[in-house]
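Undergrad: predicted model and sequence below, questions to follow.
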Amino acid sequence: MRTNFFKHELLTPVTINREVVDGTRFYRVPSGNLYPSVTTVLSSIIKKGLVEWRESVGNEKADRIMRSAATRGTGTHQICEDYLLNSESYLKGAMPSSVSLFKQIQPYLDKYVGKVYGVEIPLYSDTLKTAGTCDLLCQMHGINAIVDFKTSTRSKKIDQIQNYFYQTTAYAIMAEEIYKITIPTIVVLISTEDEGLQCFIEPTLKYREIVTSFFQNYSCNISQ
């Protein structure tokens, strides 16, 4: 039986509907506009690296690794979601590997998460012209933060995960636009199989300008 429960001040979620167009994920936002997902936009940054990695390990092995990573990540995210929503049965049906990775995240959540404003909360921005779903919007370390959960076989260095910071900054901008709140911090929690939990905390301001520029340029390019 769980002993820790989170205080909820849940924001009213907006409605965005997922659509797949020519294999690419988009969201239909309340205005009727169709915006590419945050991950779709950011994939254009990391595409070259993925191609080089596939070439180095071979397509068969790459597909196997990616399927395993997707399963592992989805399972861990689901546990985190249920736990933050105060479910008593947050571990029910979970794979042991996902439980193990969650157990590394759990103490951090228990210690540092204050109010929970939204879990798997849909977001969009007419400024960035993008949409998506962020893992967690909450008070962490006493201030408003966007939190993203990641899983990995090996630990990461900060220069390897710049796209994670771009992703969470985009979510912060979207949440500020919709809910008229300030989100000064982004947090990336990576549960790894080799070195436990990694926690990266960055100021949103550090990435705000580059993220705004990149998304607006992407929007201009695809509209031409």
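TA: Sure thing, it's come through. What you see is a predicted model; the values in this text were computed from it and never measured.
Undergrad: burial count for Gln104?
TA: For Gln104, the count of nearby residues is 19 (other CB atoms under 10 Å). (C-beta placed from N, C-alpha, C; glycine too.)
Undergrad: ok so it is a helix residue?
TA: Yes. Under DSSP: H, G, I helix; E, B strand; the rest coil, Gln104 falls within a helix.
Undergrad: can you tell me which residues contact Glu120?
TA: By CB atoms under 8 Å, 6 or more residues apart in numbering, Glu120 lies in contact with 81, 133-135.
Undergrad: repeat that with 10 Å
TA: Shown in contact with Glu120 (CB atoms under 10 Å, 6 or more residues apart in numbering): 13, 77-78, 80-81, 84-85, 133-137.
Undergrad: which of those sits closest to Ser98?
TA: Distance ranking of the contacts of Glu120 against Ser98, using CB to CB, places Gln78 first at 7.6 Å.
Undergrad: phi and psi next, for the closest one.
TA: phi -60, psi -40 (degrees, to the nearest 10).
Undergrad: wait, it sits on Gly93?
TA: Yes. Look at Gln78 against Gly93 with CB atoms under 10 Å: they come within range, at 9.1 Å.
Undergrad: neighbour count: these two, which is higher?
TA: Remark: of Gln78 and Gly93, Gln78 carries more neighbours, 16 against 9, as counted by other CB under 10 Å.
Undergrad: relative to Pro13, how far out is that one?
TA: Distance of Gln78 to Pro13, computed by CB to CB, to the nearest Å: 18 Å.
Undergrad: how far off centre is the longest strand along the chain?
TA: In the chain, assigned by DSSP state E, the strand with the most residues is strand 113-125. Strand 113-125 sits 11 Å away from the centroid of its parent chain (CA atoms, centre = their mean, to the nearest Å).
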